[in-house]
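[1] When you get a sec, could you give me coordinates for this:
(one chain, ligands or ions: 1)
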Amino acid sequence: MITIKEGVFHLSAGNYSYAFYEKDGRLVHSYFGNKLDISEERLATSLLALGRHDNIGRDWALSEYAQFGRGDFRIASVEITGNAFASTEFVLCGYEILKNKPSTDLPQLRNGGETLKLTLRDKISRLQLNLFYTPYEEGLVRSARLVNNSGEDVNVCKFMSTCIDFPQGKYNTLNLNGRWGAECTPCIDKVTSGIRQFSSCRGVSSHQHNPFIAVTSSDTSEDNGEVVAMNLIFSGNFVAEYESDEKTQLRVNIGEKLMHGGIVLKDGDVLNSPETAIVYSNHGLGEMSRLFHKLYRKNLINPKFANVPRPVVVNSWESFYFDFNEGKLLDFIDGAKGLGVDTIVLDDGWFGKRDDDTGSLGDWFIDTNKLPNGLQPVIDRCRKNGFKFGIWFEPEAVNPDSRLYRNHPDWALHVKDVEGVTMRNQYMLDFSNPDVVDYIFDSMKLILDKYDISYVKWDSNRPLSDISDASKLFGYVRGVYRLYERLLERYPDLFIEGCSSGGGRFDAGILYYSPMIWTSDDTDAYERCRIQYGTSMCYPLETLSNHVSACPNHQTGRFTPLHTRGAVASMGSLGYELNVGLLSDDDKKQIAHQVENYRRDQHLIMNGDLYRLVSPFEDNAFCQMVVSQDKSKAYLVFLRALNTPNLPIPRVRLKGLDDKALYRIIERNTVVSGAELMNIGLNMQLKCEDFSAEILHIERCDG
Ligand code: DGJ
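    Predicted coordinates:
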């Protein structure tokens, strides 16, 4: 609901109220927290009475969208330079409530209803700024738009999607930081005086920092305390930054990072920021995640796939890497028979002359040395065994050793007369150039039109370098989205798994198109507990593509039981990444059992509420459970990492159940009340070994 009374703008839905007011054209942020159940008159009176109106828009006043050069010396949300000016002073000159959220050329939340649109005009540059606010049940969505009708070109150095000012207080921040093989580690930091940034200038959202930041009270835990969390719906360069001022007030900005001094906004042009999804929780990080999960399930994921079970795939990468041929693939496909999986994905290595990673990216035609009869025999064998077929592309990359590069060296990102920087022996294509996107689309089309392919794994294996001007970076990510749009327009049923050297582009921008993203190249079950735990902070479980792989694990050399690998991978979208043609009968039986169970529980995992019970960052264990919306079913996975003699038996208190209901624990054939499970808890039954895991199914049984 959006109401405006005496200059106070009040947006509320679900559990939250968000309010700011206008004074002399300037916007003062005044409240974001628990839903206020008071009359609009009362709200206006109390917010206006609480606020100080003598310094609005200047230093230490709370601001709705911060500006530079007119007396506020903290980090700004917008910075514009032009002919003889480097300051802005945007003042409100109008507002309207739109029936529906306007759409832009960027990925965005769907189903947006009532939207507050503010129009501000800069006294200095004469540019127009629009701020958009759309309340959803689970959270608020914000974005900004600059319209240059000033009569001259300007330079936009900084243009944030969202700014939130917090009153004086003690705060922590939560960020999801990491590296290749260890994405999305939740990092909690105490906010101290000064400025801090989490950002990516790699052209992708990155393994290092996710476009996510949460501000919490200093005592926030998994179940208690306040959280305001922001997730940018964007896949390119971003910045999430904060400044804590001398009065312990906190300003947070999040938005696209415009590099190298910014971009030119020509007279008559419009610049849209990405959207930010913002949730408020007063029940800690657990509730924050559940709100994001619901928001994204209902409004971000392509509705075509949102509620449809994700494919259970067997992927060829760790089985063969580049070393396969038709015969090996046919055996592989036969090996998957009887496991219950539904899609076989042929990963890297099927095109050009690709025997290793030194060549052929960009040459999207079949390697006839490996596949002399093309893909048809492979696809026929899949069909015969009842499988769908999927294939890998790395559309954005090119190897210097490729036909594409030889024909179009200028299509790779490059700086004139300087040799490009290779990483993994490859360059990145200039996706800001529509000819490049068209060419790649046409090459993919040749394969996708010819063969019956229902699934594409879209990989991207290195960051961008060799940038000749800032507009390249700006245009690159929009070119990526353009290719997604074109593919999904032509193949609306195509399931595209996102991937970027593991989780290097695990963000809400990609999730708009790809209902599932490869979470990490680290497939070790124990490592995955941490990676999945962190990724689940913001992203719904079913968007995490998790594979059971072979032991010793290829990334860590570690052995973990097959049961444990299956249990961990089942907390998301389950798949396999091992040579199913070489499995023992015992392993086959176990995998078939895992897949059968998973299919039974998949709906629960896709729609249920997640409770993180034990953090692998704090304990020698990991435990998550998912509870159905009606609290009638739950699914729990517990893992103990290292075993030691004489350890206490781990006891876990469950969450999210109905305390008055009776539940049957299927694996133990016992009936216990919700109150007992949540207060007394359950002792875990583990084997005397490292990395032992237990899976429990819990069902309401009192009618
Ligand atoms: C990186 C991906 O994350 C892997 O799963 C695999 O597809 C390789 N690239 C292939 O080159």
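[2] same for the helix or strand bottoming out on mean pLDDT in the chain, what does it pack against?
    The element with the least model confidence among the helices and strands of the chain, by mean pLDDT, DSSP states H and E, is helix 40-50, at a mean of 82. Helices and strands in packing contact with helix 40-50 are listed as strand 2-5, strand 8-13, strand 16-23, strand 26-34; criterion 3 or more C-beta pairs under 8 Å, 6 or more residues apart in numbering; DSSP states H and E. Where you see a C-beta, it was placed from the backbone N, CA and C, and this is true even at glycine.
[3] Mean neighbour count, distance to V345 and mean pLDDT added to these, as JSON lines?
    Converted to JSON lines, the helices and strands packed on helix 40-50 look like this (neighbours: other C-beta atoms under 10 Å; distance: least, C-beta to C-beta, whole Å; pLDDT from 0 to 100):
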{"stretch": "strand 2-5", "mean neighbour count": "16", "distance to V345": "45", "mean pLDDT": "94"}
{"stretch": "strand 8-13", "mean neighbour count": "21", "distance to V345": "40", "mean pLDDT": "96"}
{"stretch": "strand 16-23", "mean neighbour count": "23", "distance to V345": "41", "mean pLDDT": "95"}
{"stretch": "strand 26-34", "mean neighbour count": "20", "distance to V345": "43", "mean pLDDT": "95"}
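[4] Adding distance to the ligand as columns, could you present those in CSV?
    Shown next, in CSV, are the helices and strands packed on helix 40-50 (distance: least, C-beta to the nearest ligand atom, whole Å):
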stretch, distance to the ligand
strand 2-5, 43
strand 8-13, 38
strand 16-23, 37
strand 26-34, 38
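[5] Take these and write them to a markdown table, including distance to H554.
    As requested, these are arranged in a markdown table below (distance: least, C-beta to C-beta, whole Å):
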| stretch | distance to H554 |
| --- | --- |
| strand 2-5 | 52 |
| strand 8-13 | 46 |
| strand 16-23 | 45 |
| strand 26-34 | 45 |
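[6] burial count for the residue in the stretch 101-250 of the chain that the ligand sits nearest to?
    As assessed by C-beta to the nearest ligand atom, the ligand sits closest to W180 within the stretch 101-250 of the chain, at 9.2 Å. A count of nearby residues for W180, using other C-beta atoms under 10 Å, gives 17.
[7] which residues are in contact with stretch 371-383?
    325-326, 329-330, 333-334, 344, 346, 350, 366, 368, 388-389, 391, 447, 451-453 (C-beta atoms under 8 Å, 6 or more residues apart in numbering).
[8] what residue ranges in the protein score low on pLDDT?
    Using pLDDT under 70 as the threshold, the predicted model of the chain has low-confidence ranges 52-54.
[9] Near the ligand, which residues of it are found?
    Within the chain, the residues that sit near the ligand (C-beta under 6 Å from any ligand atom) are 317, 347-348, 392, 459, 461, 499, 501-502, 518, 521.
[10] Which of those residues ranks first by neighbour count?
    For these, the largest neighbour count, defined by other C-beta under 10 Å, is 29 neighbours, found at W518.
[11] shouldn't G169 be in contact with L250?
    Yes. Under the criterion of C-beta atoms under 8 Å, G169 is in contact with L250, at a separation of 7.3 Å.
[12] Please say which of the two ends up with more neighbours.
    Higher neighbour count among G169 and L250: L250, with 22 against 15, using other C-beta under 10 Å.
[13] Count the neighbours of the closest residue in space to that one that isn't next to it in sequence for me.
    For L250, the nearest residue in space outside its immediate sequence neighbours is F166; the separation is 4.2 Å by C-beta to C-beta, 6 or more residues apart in numbering. F166 has 19 neighbours, counted by other C-beta under 10 Å.
[14] Residue of the protein closest to the ligand, please.
    Counting by C-beta to the nearest ligand atom, the chain gets nearest to the ligand through D348 (3.5 Å).
[15] I'd like the distance between that residue and F324.
    In this view, D348 and F324 are 10 Å apart by C-beta to C-beta, to the nearest Å.
[16] Contacts for the longest helix along the chain next, please.
    Longest among the helix segments of the chain by residue count, using DSSP state H, is helix 585-607. Residues from elsewhere that reach helix 585-607 (C-beta under 8 Å, 6+ apart): 297, 307, 309-310, 312, 338-341, 540-542, 548, 562-563, 566, 570-572, 574, 576, 580, 583, 626, 628-629, 633-635, 695, 697.
[17] In ChimeraX, how would I select just the buried ones from those residues?
    Typed into ChimeraX, the next command selects the buried ones out of the contacts of helix 585-607 (criterion: 16 or more other C-beta atoms under 10 Å):
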select :297,310,312,339,340,341,540,541,542,548,562,563,566,570,571,572,574,576,580,583,626,628,633,634,635,695,697
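[18] Which of the contacts of helix 585-607 fall in helices?
    Checked against DSSP H, the contacts of helix 585-607 include these in helices: 297, 562-563, 566.
[19] who are the neighbours in contact with the residue found closest to G503 once you drop the neighbours it is linked to in the chain?
    Beyond its immediate neighbours in the sequence, the residue positioned closest to G503 (C-beta to C-beta, 6+ apart) is E183, lying 3.7 Å away. For E183, the residues meeting the contact criterion (C-beta under 8 Å, 6+ apart) are 176, 207, 210, 502-504, 506, 519-520, 531, 534-535.
[20] would you turn these into a markdown table with distance to E137 and secondary structure?
    Supplementary listing: those in a markdown table, determined by distance: C-beta to C-beta, whole Å; DSSP: H, G, I helix; E, B strand; the rest coil:
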| residue | distance to E137 | secondary structure |
| --- | --- | --- |
| L176 | 24 | strand |
| H207 | 32 | coil |
| N210 | 24 | coil |
| G502 | 33 | coil |
| G503 | 28 | strand |
| G504 | 31 | coil |
| F506 | 25 | coil |
| T519 | 27 | coil |
| S520 | 31 | coil |
| I531 | 29 | helix |
| G534 | 26 | helix |
| T535 | 23 | helix |
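[21] OK, contacts around the most centrally placed residue in the chain?
    Using C-alpha atoms, centre = their mean, the residue of the chain that lies closest to the mean C-alpha position is D507, 2.6 Å off. Contacts for D507 were tallied using C-beta under 8 Å, 6+ apart; they are 205, 210-211, 232-235.
[22] From N231, how far out is it?
    Relative to N231, D507 is positioned 8 Å away (C-beta to C-beta).
[23] Enumerate every residue touching the residue nearest to L250.
    For F166, the residues meeting the contact criterion (C-beta under 8 Å, 6+ apart) are 215, 228, 249-252.
[24] Closest to K660 out of those?
    Comparing the contacts of F166 against K660 with C-beta to C-beta places V228 closest, at 33.0 Å.
[25] ok, what's across the strand from the closest one?
    Note on V228: beta-bridge partners V215, Y280, judged by DSSP bridges.
[26] swap in the one 4 residues further on?
    Beta bridges link L232 to T276, judged by DSSP bridges.
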